[in-house]
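# A predicted structure for the sequence below; I have some questions about it.
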Amino acid sequence: MSRFWQRTDGNVAMLFALALVPIIVMGGGAVDFNMAVNARGRLAEALDAAALAVGASPNLATEDAQALALAVISANYPEREFGDLGGVNISIDDFNNVVTVTGTSTVQTAFLGLIGIHYLTVGWESEVQRARTALELVMVLDNTGSMSGSKISALRDAAHLLTDILHDNAAEPELLEIGLVPFSSTVNVGTAHERAWWLDPDGLSSDHANNFDPPANRWDVIDSMLYERWDGCVEARAIPLDVEDVPPDPGAPETLFLPYFAPDEPSGESGFSNSYMSDQMSGGDLLARLTNSAKYAGVNPYGWASNWGCTARPVTPLTASRTTIDDAISDMIASGTTNIPIGISWGVRLLSPQEPFTEGNPWEDDDNIKAMVILTDGQNVINGRGNFNYSDYSGYGYVREGRLGVITSSSWALRNALNDRTEAACAYARAQGIRVYTITFQVSSSTTRDMMRDCASHPSLYFDSPSNEALRNAFELIAGDLTNLRLSR
């Protein structure tokens, strides 16, 4: 027995056997703790999603908020995940606009049970504060002829969906304002602004009398005709002011806006599209016949006359009135050709605090979000013409006037010039801090799709919609994104 107790041959095996249990517990415990950490991460994601969902729906009753939270948690923490979901508590502080969601998850251990720890419980608390951030949104929507029929109906429905979601989730409706810019070849600012100081009533702009000889004031020419009126459309200012938010100033005439005036073109001549009265002179000098100022006085023009190409409904400045914006959306029509940059430029001006529309909050206001949704269903268009004008009349006047930066009768080249101005308008909007969303609706041109993708503030904010359902989904996603942006954390 003495020799037995003195032998050391088997000590290592004995010590290993004695240490085996704590080694297994320590190694296996790491596995158990890792499972608990994973369960906590999944729980955090589920509770964060639930808090955001409830926070983004401020008008829900308590029981509906509870049901929404549980549904979101179930979707984000399915039974196949590690851990059993414990109690979930939802607290809504309407006074401070705070939503708090707490919950636990219990993980059954595989190894720690050897030392009596059969479960690990993890918890998480998510808090969302409904921000008091103001939201200003302007929708710049294609109302051209290609949008006719079911497409304009689908656009109205999708735009209504966007406004419904935003208004339904606005805890403080006065902090939500929405505006609308329907555009075609030009933009309509509304006849209430007739002879407004910023619409060059005195003919100071160097482009004001471009198509009149002797020089004449457009307003006076309109008044001189029988039963003619200005329908509210405006023309683009000279590049780069065409896309910029430089406020109009009579002391700087180039900053003033021009009332839209499509001249009477030579009668009985091919290649012209808008003759609405007698030229009151004959001969081969077609430019003289077009610019003859005297022919307008006392004449009752026919057709669209000086408003030819002015097809869009008036813009709706930023408004907190749900009825006002919904009525404006319902009134949209489809007619005319596509001039995307002029639409974007007026979208910026509606968001601006400066003249001619002053409803926007200051650009530097950190408690305010400015956003724009731009939609088109086709390519930019100016019809080139094989005559001295080089084109039909548009929001940039005649091409021969040089206001688009090119002199050509190529419709393809004119489209490229408008695309360049579209890119410049988008870049300018983004530079002002506007969150730009873009949508192409049943557009086949890859060039236009690429242009609109690049126009957005981020590629993820561009939506290609090949169908009515996709269009509706795009507007719904934009509404959700804007709602979430108003959550402070």
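Ah, there it is. Numbers count the residues shown, from 1 in each chain.
# all strands of the stretch 51-200 of the chain, in order?
84-93, 98-108, 119-129, 134-142, 176-183, 187-188 (DSSP state E, counting those that start in this stretch).
# Contacts for the helix or strand following the shortest one next, please.
Yep, that's strand 187-188 we're talking about. As assigned by DSSP states H and E, the chain's next helix or strand after strand 187-188 is helix 218-224. The contact list for helix 218-224 (CB atoms under 8 Å, 6 or more residues apart in numbering) reads 194-195, 200-201, 203, 208-209, 212, 228-230, 258-259, 261, 293, 296-298, 306. Bear in mind the C-beta positions are built from the backbone N, C-alpha and C, glycine included.
# at 10 Å what do you get?
Applying CB atoms under 10 Å, 6 or more residues apart in numbering, the contact partners of helix 218-224 are 194-195, 199-203, 205, 208-212, 216-217, 228-230, 235, 258-261, 263, 293-299, 305-307.
# The helix or strand just after that helix pairs with which strands, and in what direction?
Downstream of helix 218-224, the next assigned helix or strand under DSSP H and E is strand 233-235. With DSSP bridges as the test, strand 233-235 is paired with strand 187-188 (antiparallel), strand 258-259 (antiparallel).
# from those strands, which stretch is densest packed?
Ranked by mean neighbour count, the strands paired with strand 233-235 are led by strand 187-188 with a mean of 26 (mean count of other CB atoms under 10 Å).
# related to what we said a few turns ago, so for residue 374, which of the strands of the stretch 51-200 of the chain sits nearest?
Of all the strands of the stretch 51-200 of the chain, strand 134-142 sits nearest to residue 374, with 4.6 Å by CB to CB.
# That closest one versus strand 176-183: what angle between them?
Regarding strand 134-142 and strand 176-183, their directions subtend 20 degrees when assessed with axes from the mean of the first three to the mean of the last three CA atoms, to 10 degrees.
# thinking in terms of the whole chain, how far from its middle is strand 134-142?
Taking CA atoms, centre = their mean, to the nearest Å, one finds strand 134-142 lying 6 Å from the centre of the chain it belongs to.
# looking at it, residue 374 is touching residue 436, isn't it?
Yes. Between residue 374 and residue 436 there is a contact under CB atoms under 10 Å: 6.7 Å.
# what is in contact with those two at once?
In contact with both residue 374 and residue 436: 140, 344, 347, 425-426, 429, 452, 455-456, 462, using CB under 10 Å, 6+ apart.
# Mind listing what's buried along stretch 246-257?
Residues of stretch 246-257 classed as buried: 248, 253, 255-257 (neighbour count, 16 or more other CB atoms under 10 Å).
# Only the buried subset of the contacts of helix 218-224, as a ChimeraX command please.
The ChimeraX command for the buried members of the contacts of helix 218-224 (criterion: 16+ other CB under 10 Å) is given here:
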select :199,200,201,203,205,208,209,210,211,212,216,217,228,230,235,258,259,260,261,263,293,295,296,299,305,306,307
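# so where do the strands sit in the stretch 251-400 of the chain?
Assigned by DSSP E, counting those that start in this stretch, the strands in the stretch 251-400 of the chain fall at 258-259, 316-319, 368-376.
# still on that earlier bit, more neighbours: residue 374 and residue 436, which one.
residue 374 (28 against 25; other CB atoms under 10 Å).
# mind listing what that one touches?
138-142, 181, 183, 340, 343-344, 347, 422, 425-426, 429, 436-440, 452, 455-456, 462.
# between the shared contacts of residue 374 and residue 436, which is closest to residue 414?
The closest of the shared contacts of residue 374 and residue 436 to residue 414 turns out to be residue 425 (CB to CB; 16.4 Å).
# I'd like the distance from the one helix or strand that closest one maps to to the chain centre, please.
Element membership of residue 425, judged by DSSP H and E, is helix 411-431. Helix 411-431 sits 17 Å away from the centroid of its parent chain (CA atoms, centre = their mean).
# who does the helix or strand that it is followed by pair up with?
For helix 411-431, the succeeding helix or strand toward the C-terminus, using DSSP H and E, is strand 435-441. Strand 435-441 has its sheet partners listed here by DSSP bridges as strand 368-376 (parallel), strand 462-465 (parallel).
# Can I get strand 435-441 in CSV? Just the C-alpha atoms.
Presented in CSV, the C-alpha positions along strand 435-441 are these (Å, rounded to 0.1, in the frame of the first residue of the first chain):
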residue,chain,number,x,y,z
ARG,A,435,-34.3,64.7,-51.1
VAL,A,436,-35.0,63.8,-54.7
TYR,A,437,-37.0,60.7,-55.6
THR,A,438,-37.5,59.8,-59.3
ILE,A,439,-39.9,57.5,-61.0
THR,A,440,-40.0,56.3,-64.6
PHE,A,441,-43.4,55.0,-65.6
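# burial count for residue 288?
A count of neighbours around residue 288, defined by other CB under 10 Å, yields 13.
# for residue 402, same thing?
Neighbour count for residue 402, taken as other CB under 10 Å: 16.
# Against residue 254, how distant is it?
14 Å (CB to CB, to the nearest Å).
# Need the overlap of contacts for those two.
Counting by CB under 10 Å, 6+ apart, the common neighbours of residue 402 and residue 254 are 207, 238.
# one step back: among the strands paired with strand 233-235, which comes closest to residue 92?
Using CB to CB, the nearest of the strands paired with strand 233-235 to residue 92 is strand 187-188, at 43.5 Å.
# Now tell me what touches that closest one from outside.
With contact meaning CB under 10 Å, 6+ apart, strand 187-188 is reached by 140, 143, 181-182, 231-236, 260, 307, 310-315, 339, 342-347, 349, 395.
# and the residue sitting nearest the centre point of the chain, how far is that from residue 156?
For the chain, the residue nearest the mean C-alpha position is residue 373 (1.7 Å; CA atoms, centre = their mean). Residue 373 is 14 Å from residue 156, where distance means CB to CB.
# Quick check: neighbours shared by these two?
The contact sets of residue 373 and residue 156 overlap at residue 141 (CB under 10 Å, 6+ apart).
# Low-confidence ranges, the stretch 101-250 of the chain, go.
111, 113, 129-132 (pLDDT under 70).
# quick one on the thing from earlier: tell me which of the strands paired with strand 233-235 approaches residue 327 most closely.
Closest to residue 327 of those, according to CB to CB: strand 187-188, at 15.5 Å.
# how far out from the middle of the chain is the closest one?
Counting by CA atoms, centre = their mean, strand 187-188 is centred 18 Å from the centre of its parent chain.
# Run a quick neighbour tally on residue 220.
For residue 220, using other CB under 10 Å, the count is 14.
# Now render the strands paired with strand 435-441 as TSV, adding mean pLDDT and distance to residue 285.
Shown next, in TSV, are the strands paired with strand 435-441 (pLDDT from 0 to 100; distance: least, CB to CB, whole Å):
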stretch	mean pLDDT	distance to residue 285
strand 368-376	97	39
strand 462-465	98	50
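# Need those in JSON lines (columns: distance to residue 355).
Converted to JSON lines, these look like this (distance: least, CB to CB, whole Å):
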{"stretch": "strand 368-376", "distance to residue 355": "17"}
{"stretch": "strand 462-465", "distance to residue 355": "31"}
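# Among those strands, pick out the one with the most neighbours on average.
strand 368-376 (a mean of 25).
# could you give the angle of that strand to helix 411-431?
Strand 368-376 runs at 170 degrees relative to helix 411-431, counting by the same axes, to 10 degrees.
# Which parts of the stretch 201-350 of the chain are helices?
218-224, 286-291, 322-330, 340-351 (DSSP state H, counting those that start in this stretch).
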